[in-house]
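>>> structure, please.
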Amino acid sequence: MLESVVQEETTGCGIASVANILGHSYPEMKAIANAMGIYASDKSLWSDTQYVRRMLLNAGVETSRDEVPFDSWESLPDLALLSIKYHQEEGKDFWYWVVFKRLDGQPFVLDSVCFIQYWPTVRRFV
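Okay, the predicted model is just below:
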């Protein structure tokens with residue numbers, strides 16, 4: 001069964017998404033991020049991709065240099081970090097991070113926050 005890491009801080013979606021990609025728990029990834037000077041409470045984490053990229057690169061995961069606009073679920077690679085719920089505050093971009101995984105041809109989105117019974121959300125798309 002595919003499970004999603006639950007973010008333990010209101011603003012910890014970036015750290016939790018990287019934990020989902022790397023297979024770490026939230027506390028493990030939070031400790032790694034904090035040691036790198038990355039904190040969930042830093043609003044820069046919500047609007048600048050360099051922080052999640054740094055965490056992934058630190059673990060040896062290669063990322064694309066630029067953001068790639070979403071085209072379709074089918075065009076995504078088997079593993080992708082997606083920014084969703086885009087909005088602006090005082091002219092600054094903000095978004096929420098989730099992970100897309102394709103396993104045995106089946107697409108899933110791992111969402112680290114859950115409002116129903118405190119369980120993380122894994123959504124399958126057909």
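>>> ends of stretch 8-26, how far apart?
7 Å (Cα to Cα, to the nearest Å).
>>> state the mean pLDDT of that stretch.
In this model, stretch 8-26 has an average pLDDT of 93.
>>> in it, what counts as buried?
For stretch 8-26, a neighbour-count test (16 or more other Cβ atoms under 10 Å) marks 12-22, 24, 26 as buried. Where C-beta positions appear, they are placed from N, C-alpha and C, glycine not excepted.
>>> which residues sit against it?
4-7, 27-30, 32-33, 38, 40-41, 43, 45-46, 51-52, 55-56, 59, 61, 79, 81, 96-99, 110, 112-113 (Cβ atoms under 8 Å, 6 or more residues apart in numbering).
>>> follow-up on the earlier one: the buried residues of stretch 8-26 in helices, which ones?
Under the assignment DSSP state H, the buried residues of stretch 8-26 contribute 13, 14, 15, 16, 17, 18, 19, 20, 21, 22, 26 to helices.
>>> wait, which of the buried residues of stretch 8-26 is closest to residue 70?
residue 17 (15.6 Å; Cβ to Cβ).
>>> tell me how far the residue nearest to that closest one when sequence neighbours are not counted lies from residue 104.
Distance criterion Cβ to Cβ, 6 or more residues apart in numbering; nearest residue to residue 17, sequence neighbours excluded, is residue 97 at 4.1 Å. Remark: distance between residue 97 and residue 104 (Cβ to Cβ, to the nearest Å) = 24 Å.
>>> which of the two has more neighbours?
Taking neighbours as other Cβ atoms under 10 Å, residue 97 and residue 104 compare with residue 97 leading, 24 against 4.
>>> confirm that the more buried one sits in a strand.
Yes: under DSSP: H, G, I helix; E, B strand; the rest coil, residue 97 falls within a strand.
>>> OK, contacts around it?
Residue 97 makes contact with 13, 14, 16, 17, 52, 81, 82, 83, 84, 112, according to Cβ under 8 Å, 6+ apart.
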